[in-house]
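S.K.: fold the following and give me the result.
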Amino acid sequence: MHFVNQQCNFIDAFEHVLGRYTKQVRNDHIVVACLIAWGTNMGLGRMGEISDINYSLLAATSDNFIRLETLKEANDRVSNATHKLPLFRHYDIDEVLHSSSDGQKFETRTDTINSRHSPKYFGLKKGIVSYTLVTNHVPVNAKIIGANEHESHYVFDILFNNTTDIQSGMHSTDSHGINEANFYTLYVFGYQFAPRYKDIYDKVTKSMGGFKHLNQYDDGLIIKPVRRINTALIEEEWENIQRICVSLALKTTTQSIIIGKLSSHARKNKTKRALWEFDNIIKSLYLLEYIDSPQLRQNVQRALNRGESYHKLRRAVSHANFGKLRFKTEQEQQIWGECGRLLANCIIYYNTSILSNLLAYREGNGDLNGADVLKQISPVAWQHVNLYGRYEFNKREESINMEAIIHELAQLQIPHEKVSDP
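M.R.: Just a heads-up that it's a prediction; the model follows:
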């Protein structure tokens, strides 16, 4: 974290809550100790016991400097710094920034407002969901939601509220990210929604739409619409649909609120039906492309795999207390989520920096084969990072000699068959 801070100064984002009227001067070592205590699910009390900083200093620093706005700013700084590294654009999928979002379940030790039952993941216990947006292996945005909430209600929100320089053009989710409005909503705001379907045949035979009467389609067609799009209803409700889009664009409301309101309306509500109809147009076009393009299906799966890799890293970071959250309030859970994402961001930046420098070294020495292999190595790895043990923050840190690391790694031969696709 000291190395990453030297490169992007993310600790400068932690300003005192009182602004200029401050009595406590920020100590970077104590701030880092607080971030690790929160992010690893260890807690400030336990960190005071196993480190060289006492609890009172940790608690005072956390209260004065660790807030959601400062954490988001610090995460954005690290993400933007990763975006500037040479290797970052080599992770593009078909030369496109292809993002994905998915939820990760965490069991809670105590009941909170947003802790809910989920027998599939928690049994008789309760937990929450950390919903994260990942682009080219970088977690650019995240939100804590209840385990009872549908992830599809937050797909647009997590994309539109991304404040980093990493703005994706295509976005994928699994089946939990699909509802009757996401295709249209993302289309209006310039995103291409590309979800993964488990049973594409079932989806096509139940929801494929067309503009002609069904009798006008040849019976010999393997794929054909099963219903006609009601274009008249879309035209009639077009003004109300535009109002919804304007509200989202101005951030006066969120997608989750709008979906909840529309879902509570009567089944025959015109605005809801018109929005569903327009969404079906975009979805039908995507279904045809999804069936016709094996490359698209592979790209969607690659993007989702990157999200799963990040989840493994995120789980390893929050190792304390067997991964069961100890924080009692929703505010504390949000801070835990952002601190854990910051620790993961720092690890990913450190790895990407090593790979970028090694890539430049191999290209400079004419080793093009070795350079191509490096472009396929994922930066989401933590075997070389010790997350356990006793922490010493006041000890004089030894600066990382990147040149020595690159020189040592350059002597190693990377077997092609052991390289996993990112």
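S.K.: and after the lengthiest helix in the chain, which helix or strand comes next?
M.R.: Counting residues, the longest helix found in the chain (DSSP state H) is helix 330-364. Using DSSP states H and E, the helix or strand that follows helix 330-364 towards the C-terminus is helix 368-374.
S.K.: helices or strands next to that next one in the packing?
M.R.: helix 330-364 (3 or more Cβ pairs under 8 Å, 6 or more residues apart in numbering; DSSP states H and E). From N, CA and C alone the C-beta is placed, and that goes for glycine too.
S.K.: give me the distance between the two termini of stretch 192-212.
M.R.: End-to-end distance for stretch 192-212, by Cα to Cα, to the nearest Å: 25 Å.
S.K.: now it: average pLDDT?
M.R.: Mean pLDDT, stretch 192-212: 90.
S.K.: follow-up on the earlier one: what residues of the longest helix of the chain count as buried?
M.R.: Within helix 330-364, the residues that count as buried by 16 or more other Cβ atoms under 10 Å are 333-359, 361-362.
S.K.: can you list the weak-confidence ranges in the stretch 51-200 of the chain?
M.R.: Low-confidence segments of the stretch 51-200 of the chain (pLDDT under 70): none present.
S.K.: that one: strands as residue ranges?
M.R.: 98-107, 116-117, 126-135, 138-146, 170-172, 192-193 (DSSP state E, counting those that start in this stretch).
S.K.: how about the ones you listed in TSV, adding distance to residue 253 and mean neighbour count?
M.R.: Shown next, in TSV, are these (distance: least, Cβ to Cβ, whole Å; neighbours: other Cβ atoms under 10 Å):
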stretch	distance to residue 253	mean neighbour count
strand 98-107	20	23
strand 116-117	23	16
strand 126-135	18	25
strand 138-146	16	23
strand 170-172	21	24
strand 192-193	20	20
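S.K.: can you list these in JSON lines and add distance to residue 374?
M.R.: Output for the strands of the stretch 51-200 of the chain, formatted as JSON lines (distance: least, Cβ to Cβ, whole Å):
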{"stretch": "strand 98-107", "distance to residue 374": "20"}
{"stretch": "strand 116-117", "distance to residue 374": "43"}
{"stretch": "strand 126-135", "distance to residue 374": "20"}
{"stretch": "strand 138-146", "distance to residue 374": "17"}
{"stretch": "strand 170-172", "distance to residue 374": "24"}
{"stretch": "strand 192-193", "distance to residue 374": "29"}
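S.K.: and residue 226, how many neighbours does it have?
M.R.: 13 (other Cβ atoms under 10 Å).
S.K.: one more: residue 386?
M.R.: Residue 386: 7 neighbours (other Cβ under 10 Å).
S.K.: same thing with residue 395?
M.R.: Neighbour count of residue 395, defined by other Cβ under 10 Å: 9.
S.K.: how about the contacts made by the closest residue to it other than its chain neighbours?
M.R.: Using Cβ to Cβ, 6 or more residues apart in numbering and skipping residues adjacent in sequence, the residue nearest residue 395 is residue 52, 7.4 Å away. Applying Cβ atoms under 8 Å, 6 or more residues apart in numbering, we find residue 52 in contact with 391, 392, 393, 394, 395.
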